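Undergrad: below are the sequence and a predicted model; questions follow.
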Amino acid sequence: MKKQKGFTLIEVLIVVVIIGVLASLVIPRFLTAPEKAIVAEANQMLGSMVRAQQAVIDSGGTFVAASPFTSVQWTSLGMREPAATSKFVYSCTSPTCSAARTPSGGSASTITFSSATNTWACTTSYTPLTNGGCTLA
């Protein structure tokens, strides 16, 4: 009698089920990665804006306020204007700077930093992080 080599149907089905379970756990994490990167951009830019505002004030200048910021305000802060592909619109009114976004097909979201109270505020689908900034809800 000849000895056969290979996998049984049950073994193959078990492997397929295991791969399916692992994929169902991993894929949702990858789907939110682009949105997390967009929110991280706003957190970083707001932090830089607030530090630049403080540097201007410390050197004898006044708070740079505009809604939304134009290239003139970015230059007065010593910062480069965000690329046209930026997902947020940035603005400042003393002593608060904010980043607003209206994604296509979604509701408006805002991330705000108040330098007077050193607090972050997040709206809609974002939640505050314990160390400052916002993240996805």
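TA: Sure thing, it's come through.
Undergrad: can you tell me the centre-most residue of this structure?
TA: Val39 (0.8 Å; C-alpha atoms, centre = their mean).
Undergrad: and it, that's in a strand?
TA: No. Looking at Val39 with DSSP: H, G, I helix; E, B strand; the rest coil, it is helix, so not inside a strand.
Undergrad: pretty sure it is touching Ala137, no?
TA: No. Look at Val39 against Ala137 with C-beta atoms under 8 Å: they stay out of range, at 10.4 Å. To be clear about C-beta, it is placed using only N, CA and C from the backbone, and glycine gets the same treatment.
Undergrad: intersection of neighbour lists for the two?
TA: Any residue near both Val39 and Ala137 by C-beta atoms under 8 Å, 6 or more residues apart in numbering counts here, and that gives Tyr126.
Undergrad: before we move on, back to that, got the confidence number for the residue nearest to the centre of the chain?
TA: We have a pLDDT of 87 for Val39.
Undergrad: so who does it touch?
TA: 111, 126, 133-136.
Undergrad: can we see that at 7 Å?
TA: Going by C-beta atoms under 7 Å, 6 or more residues apart in numbering, Val39 touches 126, 134-136.
Undergrad: and Thr127, that's in a strand?
TA: Yes. Using three-state DSSP, the assignment for Thr127 is a strand.
Undergrad: next, work out how far apart it and Thr32 are.
TA: 13 Å (C-beta to C-beta, to the nearest Å).
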